[in-house]
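Trainee: next input, structure requested:
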Amino acid sequence: MLSGDGFFISTFLNTGHGKQHVAFGAPYPGKIILLELDQLGGTFICQKDAFLCAANGIDIDVAFTKRMGAGLFGGEGFILQRLSGYGRAFIHAGGTIIPRMLAPGEKLRVDTGCLVAMAPTVDYDIQFVGGFKNAMFGGEGLFLAQLTGPGLIYLQSLPFSRLADRVINAARWSNRDESRGVAGIGGGILGSLLGGDKSY
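Mentor: This next block holds a predicted model:
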């Protein structure tokens, strides 16, 4: 439950003699990533809502971030998911998915919400963006995630929180436009000013 899932998990068992099919849908638009855990050392760390489904024998545990700063400012809090076992697991993320293999000692700085999953050998820490102008006008917040290899990581271009913000902002604009009726843009602005709409 701490890692983003409920107390219970559904199990699908084929009781027939032939091969059967089951389909799983992602909770929001994005991509599904296949993790072959037996080829990845048997363990992989994911963001807390990433898990979609897995073969029998895959365990889902809570993984805590090692550093206080990563927990407070890492975008996912202190709680991550640890998938362990030997078989297939599927995780979900938003936007475009970029796999990247980090060499030993190689560092990569990314937006804190763009990290989807990483090998347990990857060191995860948070660093201040630095610079007054970057912090105030960069649009990416005050902190970045610093990943240090070796190991495989997966990045996403559109975290769910950012997608939700864009949907909410679009809904606000569409509601304002709908309230203008057929008066046209000029009439809508004039009517909003006379009606006390402080957004103008």
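Trainee: which of the helices and strands in this structure ranks last by mean pLDDT?
Mentor: helix 68-73 (a mean of 46; mean pLDDT, DSSP states H and E).
Trainee: mind listing the strands for the chain?
Mentor: In the chain, the strands defined using DSSP state E lie at 31-36, 43-46, 51-54, 59-64, 79-84, 88-93, 97-102, 107-111, 115-118, 123-128, 143-148, 151-156.
Trainee: and these as CSV, adding distance to residue 172 and mean neighbour count?
Mentor: Just so you know, the C-beta spots here come from the backbone N, C-alpha and C atoms, and that holds for glycine as well. Formatted as CSV, the strands of the chain follow (distance: least, Cβ to Cβ, whole Å; neighbours: other Cβ atoms under 10 Å):
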stretch, distance to residue 172, mean neighbour count
strand 31-36, 28, 15
strand 43-46, 32, 22
strand 51-54, 31, 18
strand 59-64, 36, 14
strand 79-84, 31, 21
strand 88-93, 26, 23
strand 97-102, 29, 15
strand 107-111, 24, 15
strand 115-118, 29, 25
strand 123-128, 31, 17
strand 143-148, 27, 20
strand 151-156, 25, 22
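Trainee: which one, of these, ends up nearest to residue 24?
Mentor: Residue 24 sits nearest to strand 51-54 of all the strands of the chain, at 5.0 Å, using Cβ to Cβ.
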